[in-house]
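1. How does the following fold in three dimensions:
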Amino acid sequence: MVEMALIFMVFMVFTYLGYIVFNRVRFGQSLFPDYSAPKSDLLILAGIITLTICAFIVAWIPIQQTGDIFEAINLVRNLDFYEGLNVLKKFIQFATLLSSAYIVDLIVRKRRGAHIDTKFIGLIAVLLILNLFFSFIMGGKGFIIWPLAFMAIAYAVCATKKPMQFISLTCLALVVLVLSLQFTRIIFVKEASIKDPISYLYGALHFDVMDGNLIFIDTLGTLHDEETGETFANGLAGVVPRFLWPDKPVQITAGGDFKESLLPGSRGGWPVFAYNQWFSSFGWLGVITGGFLTGWLLRQIQAKYSQMTRDPFSTYISYILILYVVSPTGINNGIFINYIFFVIPLFIFQFLTQARWGRLLTPTVRNEV
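-> The predicted structure follows:
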C-alpha cells in the first residue's frame, strides 16, 4: 500500500509540473475539436435523432433475440452478445452524451434570454430519456451516470451562483442512482437475493477496484510480470479491428491478464490505474513521464475550452475529453483507442453541425447569448 501511495504522489507531482510548464504553451490544442463556433440547431437535432435511431437498433436486436428486456441485459452484459462488435455500443453512448450536452446547452441559453421554444427542449429531453433507456439495456452504469453528471456540472458551472453546492447535491443523488442501478441489475438480471447488502454496496461504489490495484502492485514481479512497454503496446494494438488482425493480443486492458493470472477463467478484468500502468511498464521513469504527459494534456484541454463558463456545450465536451481521453487517473493505455472512438467522432459532429451548413437549409442557427 505504501508503494502505491508513493507512485500516486510522484505521478501527481509531475502532473502538476506538466500543467505548469505548458501554462503558456498551446502545442496540442489542435488535437481537439473547437465547439465555440456557431452551430445549427437543426443539424444538431438531426445528428442526435440519427444517433438515437442507431441506438434503438443496437438495443432492439438483443431484445428481439430474448423477448425480454432484463434477459436482453443479461445477454449483452454477461454473455458477450456484442463480442467483437463493441463499437456498436458507441452509438448509444454518443447518442446519450450528445443529447444530454445539447439539453443543458439549450436550458442555459434560454436562461440567458435566447428565444428557444420549450417544446423543442422537451423533444431533446424525450430523446435523452430514450437513450438513457437504451444505455440501461446495455448494462453499463457509466453509460447513464456520466452523461447525467456532466449535465449537472456543466449547468452548475455555466448557470448557477453556487456551483459547488449544486455539484455536491448532484454527486449525492448520483451515488443513490448508482446503488439503485446495481440493485436493479442484481434482482432482475441476476435473479439473486440481496443477502449481503454491504458487499453489493462495496462493488457498486467500485471500492474493489482499489483492492485490485493494491494487489496488482504488491504482486508485480511475483504472480505476474510485464515486458517493458507491453501494456501500452497492447493498447496501441487495440485500435486495429480483430477481423484485420486475428492474432492481436487477446487482452488489451492492463487488468485483463492480471485478473486471469489470479482467477483463471474469470471474465473481464480489474481496471488498473494509469500511474500503476506506467510503473509496471517503465518503472519510476514511466511514472514521471506519464504524469508529465497527463499535465500537458489537461492544460491543452483547459486552454482549448477556456470559454467554458459562457458555452455549456464546450464545457460538456471538455468533460468527455477529460474522462475518456485523459481518464480520471491520468493517461493510460486506452488513450489510443479512446481518441479514435471519442475525439474523431466529435470532430465529425462539430464539422457537420456548423452554422454555415445550417444556413443552406434554414436561416435559423443558434445565436450565442
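2. Buried residues, the helix or strand harbouring residue 12. List them.
-> Following DSSP states H and E, one finds residue 12 within helix 2-21. By neighbour count with 16 or more other Cβ atoms under 10 Å, helix 2-21 contains the buried residues 4, 7-8, 10-11, 14-15, 18-19. C-betas here are computed from N, CA, C, even on glycine.
3. From the contact counts, what lies against it?
-> On a contact count with 3 or more Cβ pairs under 8 Å, 6 or more residues apart in numbering; DSSP states H and E, helix 2-21 meets helix 207-218, helix 274-304.
4. Name the stretch among these that sits most buried.
-> Highest mean neighbour count among those (mean count of other Cβ atoms under 10 Å): helix 274-304, with a mean of 22.
5. hmm, back to that, as a markdown table, the helices and strands packed on helix 2-21 with distance to residue 241 and mean pLDDT would be great.
-> Shown next, in a markdown table, are the helices and strands packed on helix 2-21 (distance: least, Cβ to Cβ, whole Å; pLDDT from 0 to 100):
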| stretch | distance to residue 241 | mean pLDDT |
| --- | --- | --- |
| helix 207-218 | 28 | 74 |
| helix 274-304 | 23 | 91 |
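6. For the ones you listed, please prepare CSV with the additional fields distance to residue 125.
-> Listed next are the helices and strands packed on helix 2-21 as CSV, based on distance: least, Cβ to Cβ, whole Å:
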stretch, distance to residue 125
helix 207-218, 33
helix 274-304, 28
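7. contacting residues around stretch 285-295?
-> Contacts of stretch 285-295 with the rest of the structure, by Cβ atoms under 8 Å, 6 or more residues apart in numbering, involve 7, 10-22, 274-275, 277-279, 282, 326, 330-331.
8. 10 Å instead?
-> Residues from elsewhere that reach stretch 285-295 (Cβ atoms under 10 Å, 6 or more residues apart in numbering): 6-23, 228-229, 231-232, 274-282, 326-327, 329-332, 335.
9. For residue 98, which non-adjacent residue is spatially closest?
-> Nearest-residue entry for residue 98: residue 48, 5.6 Å, with adjacent residues in sequence omitted and distances by Cβ to Cβ, 6 or more residues apart in numbering.
10. isn't there a helix covering that neighbour?
-> Yes: according to DSSP: H, G, I helix; E, B strand; the rest coil, residue 48 belongs to a helix.
11. which ones are touching it?
-> 94-96, 98-103, 123-124, 127-128, 131, 349, 353 are the contacts of residue 48 under Cβ under 10 Å, 6+ apart.
12. so of these, which ones are in helices?
-> Those of the contacts of residue 48 mapping onto helices are 94-96, 98-103, 123-124, 127-128, 131, 349, per DSSP state H.
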